[in-house]
Structures are given as C-alpha cells and as structure tokens.
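Student: need a 3D model of the following:
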Amino acid sequence: MSDHNSNTPFPTITLTDSQRWDLTSFFDKFIVENNGNIMDVGQDFFKNPSKIISLASRSLLDLFYSFRDMTKDAPYLLIENFPMHDDTFYGNTPPNWRSAAMIGRTIREESFIALAASCLGESFSWPTLQNGRLIHNVLPIAGDEAEQNGHSSDIELEWHTEDAFHPCRGDYLILFGIRNHDSIATTLMSIKDIELNDEQKEILFQKKYRIKPDNEHLRQIIDENDPGRRSIKKLIEESEAVSVLFGVPESPYLRIDPYFMECPDKGSVYDEALRYLIAELNRVKQNVVVKKGDMLIIDNYLAVHGRAPFKAKYDGSDRWLKKSIVSRDIRRARALGFRVSDNLNVF
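Tutor: The predicted structure is shown next:
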C-alpha cells in the first residue's frame, strides 16, 4: 500500500497464482537440496547462489533481473502476495535481533530474499551489525525507543541512504514483511522527483560534506581490538569529505544521511545547497506500508528511506521485517582495500 505525492510511478507487482506455485516448488527443491537441514537460510544460500538460482522458474527470476534494468525509471519496486503461513506459525515478534535469528521459522521468506539478492548482485553485511548475518531482523527493541536506528519506535527513523558513510555501501536494499499489523509506513524519496538547478548540482558535487556511521555499528561489538570495530572507528575519526551528488550531472546519484552528516562550512553555499536538497526530498516524500508478504526493493543510489514513528507494544504483535543489502560488485570493496571474508561477503 502506498500514498503517492511524487511524479515517479510506484511499480507494484502482485504475484500470480502461478508464480506463487513456482515459489512453493522452489522452496521444496531448496530444502531437499539441503537435506532439510537449514537454520540460517541466508548464510546457506549465499554459499552457492548459482546452484540455488537454477532451481527457480524463469518467471520468478525475471522479476528481479528486470528491476536491475528498470531502476533508470523507478528506484523502487513493491512485490505483493508472497505465499505466507498463518500468523501464528511465526510465533511472537522476537524481543531482539539475536532471538529472531535463532527462530528458524522464516525459511521460505529468507529464501525469497536470498533469491532476490542473488539476482540483483551479491548480498553482504558488516561484522559490526547482527553478527555479520546477511539477512537482518528489523523490529522494535525495548530501550531503543528513542535511538536513531532501525530498532527505535517512539521517534521517526530519519530518512537516509543506507550506510551512506561507507564507500562500499549497497546498491540495493531489500525489506520483507513478516508482520505489520499496525500498517507502520516506510518513507521513500527519489532524487528523480526533485528539482535542482545547474549551480546547485555543481555545488553538491563538491567534496565538502562528512558522513559518520550510526552508533549501532559500535555498540554491538564491545571488544576494542575487533577488526570490524576498529574499521568503523577509523571511519569516524578519519572521515573524509565526500560529495552528496555523484555520477553524471544530468542524472546524478545520491549519498546523504542528514542526521549523521555535517557541512563544516556553516552558512556557506555548500550548506545552503544541502538544506535546499533536504527540503526538496521532504517535498516529494511518500509512504509505503510493507505488509506481511510484501517485498520492497530500493535502489540505494537513487532513493532514500526512513520509517514513521509508532508505539511499540512488546506483546509479540509488533512490526517485524527482514532486511538485506546488496552490492552489484563486491570486488569493488577489495579494490578499495577493505577486507572481505572468504566464505561470505562480510566487510
């Protein structure tokens, strides 16, 4: 479900009965291939994605392959009507991501996410987030109500480019709804919908801005000698100035996270251009509800996303999404000197 106030048409695909049947067949084959021994689908799937992709129907694969080509027109895609179990099958919304990762009841849903990610590129993660798992759990956590992270609830999760601080941030972000009884909205804005003149673009192409990681990257790993934590701390302490726009001026890409970024030249043309860009993105904001059985794919170079505030109940019925980030070129990270684990794509 979406509430439009922008010029970009919001592409929505509703899975047909035939496609739903194909998915059921795909899951059965996938489980047989793994001898029924699957706990962490994301990790198992990504060890040999080409073999698993071969089990899926062409109809399903084309859903994702076509999105790679269509992002020049629309930076997001909503896929509805995924075949889900009854709500009771999934149990209560877990109290935290650690508990959620151990449940093992979302095999089919994680398989679908992994299939989508492998068609779009390569899924990856950070060692500082959710133990480096390739599929994350997004749910409210008691004590985080007012934190600026995906586990907050009382406050708005400010819109942002996913992992804007990092040069190897993902090309795509995938969100999948396990539960969303209260229809809590995801906010979306596209750079394709805003208006910037040539002078503003030229200013925003200058490397005058600094973006820092959010606190979640540091607090999940306490060991000061952990390589992942050291890498994040280095990005905080030695953050380089970056541009907000990049690519070609006629159709630029976007890298922005207003809550965690700064323009050192307050009151300058760079500061004014950034404020104008933020106002423009707010002007074209739209809300999309990722319901149970919905998959939302976002082009992380063309769109920003956030989340509306809500009141968490902690009674087992709260919003519960799955999330994965995808790179079209993992080798880019190695080329820039970042360490990538050999068995799975964890930077």
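
Student: which SS class is residue 186?
Tutor: Of the three states, residue 186 takes strand according to DSSP: H, G, I helix; E, B strand; the rest coil.

Student: tally of neighbours for it?
Tutor: Neighbour count for residue 186, taken as other Cβ atoms under 10 Å: 25. C-beta here means a position set from N, CA and C on the backbone, and glycine is covered the same way.

Student: can you tell me who it pairs with across the strands?
Tutor: Applying DSSP bridges to residue 186 yields these beta-bridge partners: residue 288, residue 307.

Student: show me which helix runs longest in this structure.
Tutor: The longest helix of the chain (DSSP state H) is helix 17-33.

Student: packing partners for it?
Tutor: Counting by 3 or more Cβ pairs under 8 Å, 6 or more residues apart in numbering; DSSP states H and E, the packing neighbours recorded for helix 17-33 are helix 49-53, helix 58-70, helix 107-120.

Student: what lies in contact with it?
Tutor: With Cβ atoms under 8 Å, 6 or more residues apart in numbering as the test, helix 17-33 has contacts from 15, 38, 45, 51-52, 55-57, 59-60, 81-83, 107-108, 111-112, 115.

Student: mind doing that once more with 6 Å?
Tutor: Helix 17-33 has contacts (Cβ atoms under 6 Å, 6 or more residues apart in numbering) with 55, 56, 57, 59, 60, 83, 108, 111.

Student: same check, this time on stretch 299-311
Tutor: Where contact means Cβ under 6 Å, 6+ apart, the residues beyond stretch 299-311 that reach it are 71, 75-76, 153-162, 170-173, 184-191, 253, 298.

Student: so which of these belong to strands?
Tutor: The strands, defined by DSSP state E, take in 76, 157-160, 172-173, 185-190, 253, 298 from the contacts of stretch 299-311.

Student: now, of these, which are buried?
Tutor: The neighbour-count criterion (16 or more other Cβ atoms under 10 Å) marks 76, 157, 159-160, 172-173, 185-190, 253, 298 among the ones in strands among the contacts of stretch 299-311 as buried.

Student: among the residues you listed, which one lies nearest to residue 312?
Tutor: Lowest distance from residue 312 to these (Cβ to Cβ) belongs to residue 157, with 12.8 Å.

Student: any idea how far that closest one lies from residue 106?
Tutor: Using Cβ to Cβ, to the nearest Å, residue 157 is found at 22 Å from residue 106.

Student: before we move on, what about residue 319?
Tutor: The gap separating residue 319 from residue 106 is 15 Å, by Cβ to Cβ.

Student: go on, residue 172?
Tutor: Using Cβ to Cβ, residue 172 is found at 20 Å from residue 106.

Student: kindly report the same for residue 242.
Tutor: Taken as Cβ to Cβ, the span from residue 242 to residue 106 is 36 Å.

Student: higher neighbour count, those two?
Tutor: Neighbours were tallied for residue 242 and for residue 106 using other Cβ under 10 Å; the higher tally belongs to residue 106 (24 against 18).

Student: so which strand or helix has the nearest residue to that one once chain neighbours are set aside?
Tutor: Once flanking residues are discounted, residue 106 sits nearest to residue 178: 6.3 Å by Cβ to Cβ, 6 or more residues apart in numbering. Assessed by DSSP states H and E, residue 178 sits inside strand 172-179.

Student: how many residues are close by residue 210?
Tutor: By the criterion of other Cβ under 10 Å, residue 210 has 16 neighbours.

Student: for it, grab phi and psi.
Tutor: Here is the backbone geometry of residue 210 (degrees, to the nearest 10): phi -120, psi 130.

Student: do the same with residue 141
Tutor: In terms of degrees, to the nearest 10, the main-chain angles of residue 141 are phi -120, psi 130.

Student: what's the pLDDT at it?
Tutor: Per-residue confidence (pLDDT) for residue 141: 97.

Student: tell me where the stretch 151-300 of the chain has strands.
Tutor: 157-160, 172-179, 185-190, 210-211, 245-248, 251-254, 261-262, 286-289, 295-299 (DSSP state E, counting those that start in this stretch).

Student: quick one: average confidence on the last one?
Tutor: Taken as a whole, strand 295-299 has an average pLDDT of 97.

Student: pretty sure residue 175 is in contact with residue 290, am I right?
Tutor: Yes. Residue 175 is within contact range of residue 290, at 5.3 Å (criterion: Cβ atoms under 6 Å).
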